[in-house]
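A.B. asks: Next input, structure requested:
(one chain, ligands or ions: 1)
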Amino acid sequence: VTTPAVVTVTGAAGQIGYALAFRIASGQLLGPDTPVRLRMLEIPPAVKAAEGVAMELDDCAFPLLDGIDITDDATAAFDGVNVALLVGARPRTKGMERGDLLSANGGIFGPQGAAINAGAADDVRVLVVGNPANTNAYIASAHAPDVPADRFTAMTRLDHNRALAQLRHRTGAAIDDIARLAIWGNHSATQYPDLTHATIGGRPALEVVGDDAWVRDGFIPTVAKRGAAIIEARGASSAASAANAAIDHVHTWVHGTPEGDWTSAGVVSDGSYGVPEGLISSFPVTASGGAYTIVPGLEVDGFSRERIDASVAELVEEREAVRALGLV
Ligand code: NDP
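C.D. replies: Residues are numbered from 1 along each chain as shown. Below is the predicted model of the structure:
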């Protein structure tokens, strides 16, 4: 009998949480051989809604779903956790200054990091989805000194998937023929979706596209601003696609990247590519043996250098701000 994996989702009654829970419980996160114990952490006013989600999960009769726990207590939520998906966050509201946003999220992600430190399983893997995701992951990691820093990651897989989709539209290529796309930097409008190493059916993607202006003025801003375009069209932020990317991120982390390809994830910098050590920044990464590794030795041209530096500068500013606020 396989011991069930404990998967904790915070903000489980929210939009993304609702889209995530069913896919986790059906086995799409960890695969068809791993039963799951699903823990849902919510703030007290949302616990009842989480109970409603649990009723629906029950009604799916998922064979792999070993059980569901609902709690408003972080210590209980992360006890023995193997995979933690930190989705619940304080959104930026009108008139809110950046300092207020960082403080509010520090109040969420600091204690969650401490609870992970205290109770998580040795193999714990943490994905932060709630924004500002990179800095929230940085805060959580800072409060978990006994958990290796490379277990705290931030989601840029949705940006990566959005970039794949834009390239498919432009070139008509099959998704499986596109390789080596990369998202660098912060999960924000400053992110840098990079085609310089990408290939389509083995050919350089830039050659297939043959239009630098499209890359600069179409592809990059479309990917970076896709979230806003979806809010505009849907009247609500992307949820199912964000949940899908979270599933992809963890699935790849556990099961690996295909030979010859990589993906993108916010991982702790080891100083590679001039990104200050310790920052959680998006890089091209491979996964194998259950670990993400930054792809080494890529050539970075002048344009890429500028774009990476600009996004990393924003991460440095966020880090300085959370330090100044005493959040780490
Ligand atoms: P969503 O489920 O839509 O979003 C949750 C978080 O994911 C937000 O911070 C959102 O950022 C972020 N996010 C990251 N990437 C994306 C993306 N590509 N598209 C959309 N969102 C993205 O929010 P809801 O308000 O529906 O739900 C949040 C839930 O979290 C609520 O139920 C609330 O009660 C709960 N919560 C739980 C906490 C806890 O467990 N301790 C703490 C705080 C909240 P952005 O705002 O920038 O879109």
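A.B. asks: Now do the end-to-end distance for stretch 293-300.
C.D. replies: 18 Å (Cα to Cα, to the nearest Å).
A.B. asks: Now that stretch: buried residues?
C.D. replies: 293, 294, 295, 298, 300 (16 or more other Cβ atoms under 10 Å). For every residue, glycine as well, the C-beta is placed using N, CA and C.
A.B. asks: so what's the nearest residue to the last one once chain neighbours are set aside up against?
C.D. replies: Think residue 300. Spatial nearest neighbour of residue 300, excluding adjacent residues (Cβ to Cβ, 6 or more residues apart in numbering): residue 273 at 6.4 Å. Shown in contact with residue 273 (Cβ atoms under 8 Å, 6 or more residues apart in numbering): 184, 283, 294, 298, 300, 308.
A.B. asks: pLDDT wise, what is residue 273 at?
C.D. replies: Residue 273 is assigned 98 on the pLDDT scale.
A.B. asks: what is residue 286 paired to in the beta sheet?
C.D. replies: For residue 286, the beta-bridge partners are residue 293 (DSSP bridges).
A.B. asks: Count the neighbours of it for me.
C.D. replies: Neighbour count of residue 286, defined by other Cβ atoms under 10 Å: 19.
A.B. asks: For residue 91, give its distance to residue 230.
C.D. replies: Distance, residue 91 to residue 230, using Cβ to Cβ, to the nearest Å: 15 Å.
A.B. asks: Of these two, which one has the most company?
C.D. replies: Ranked by neighbour count (other Cβ under 10 Å), residue 91 and residue 230 place residue 230 first, with 17 against 12.
A.B. asks: May I ask which helix or strand encompasses the more buried one?
C.D. replies: Using DSSP states H and E, residue 230 sits in helix 226-234.
A.B. asks: Could I have the CA atoms of that helix written out in PDB?
C.D. replies: Backbone C-alpha positions of helix 226-234 (Å, rounded to 0.1, in the frame of the first residue of the first chain) are rendered in PDB as follows:
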ATOM      1  CA  ARG A 226      -1.800  38.400 -20.800                       C
ATOM      2  CA  GLY A 227      -3.100  38.400 -17.200                       C
ATOM      3  CA  ALA A 228      -4.600  41.900 -17.600                       C
ATOM      4  CA  ALA A 229      -6.100  40.900 -21.000                       C
ATOM      5  CA  ILE A 230      -7.900  38.000 -19.400                       C
ATOM      6  CA  ILE A 231      -9.300  40.200 -16.600                       C
ATOM      7  CA  GLU A 232     -10.500  42.600 -19.200                       C
ATOM      8  CA  ALA A 233     -12.300  39.900 -21.200                       C
ATOM      9  CA  ARG A 234     -13.500  37.700 -18.400                       C
END
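A.B. asks: May I see the buried residues of stretch 45-61?
C.D. replies: Buried residues in stretch 45-61, counted by 16+ other Cβ under 10 Å: 46, 47, 49, 50, 53, 54, 57.
A.B. asks: what do you get for stretch 307-319?
C.D. replies: Across stretch 307-319, burial judged by 16+ other Cβ under 10 Å covers 307, 308, 309, 311, 312, 314, 315, 318, 319.
A.B. asks: Find the centremost residue of this protein, please.
C.D. replies: Centroid-nearest residue in the chain: residue 155, 1.4 Å away (criterion: Cα atoms, centre = their mean).
A.B. asks: List the residues that contact that residue.
C.D. replies: Shown in contact with residue 155 (Cβ under 8 Å, 6+ apart): 127, 128, 129, 133, 187, 242, 245, 246, 249, 265, 266.
A.B. asks: In space, what's closest to the second one - neighbours in sequence excluded?
C.D. replies: It stands for residue 128. Nearest to residue 128 is residue 137, by Cβ to Cβ, 6+ apart, at 3.9 Å.
A.B. asks: Does the one you found touch residue 129 like I think?
C.D. replies: No: when contacts are counted by Cβ atoms under 8 Å, residue 137 is not listed as touching residue 129 (9.6 Å).
A.B. asks: Need the residues touching each of these two.
C.D. replies: residue 86.
A.B. asks: what are the ranges of the helices in the stretch 51-200 of the chain?
C.D. replies: Per DSSP state H, counting those that start in this stretch, the stretch 51-200 of the chain carries helices over the ranges 74-78, 98-119, 133-142, 157-171.
A.B. asks: what residue ranges in the stretch 51-200 of the chain score low on pLDDT?
C.D. replies: Of all residues in the stretch 51-200 of the chain, none has pLDDT under 70.
A.B. asks: Residues of it that sit close to the ligand?
C.D. replies: Neighbours of the ligand within the stretch 51-200 of the chain, by Cβ under 6 Å from any ligand atom: 87, 88, 89, 90, 91, 108, 129, 130, 131, 133, 158.
A.B. asks: Fine by me, thanks again.
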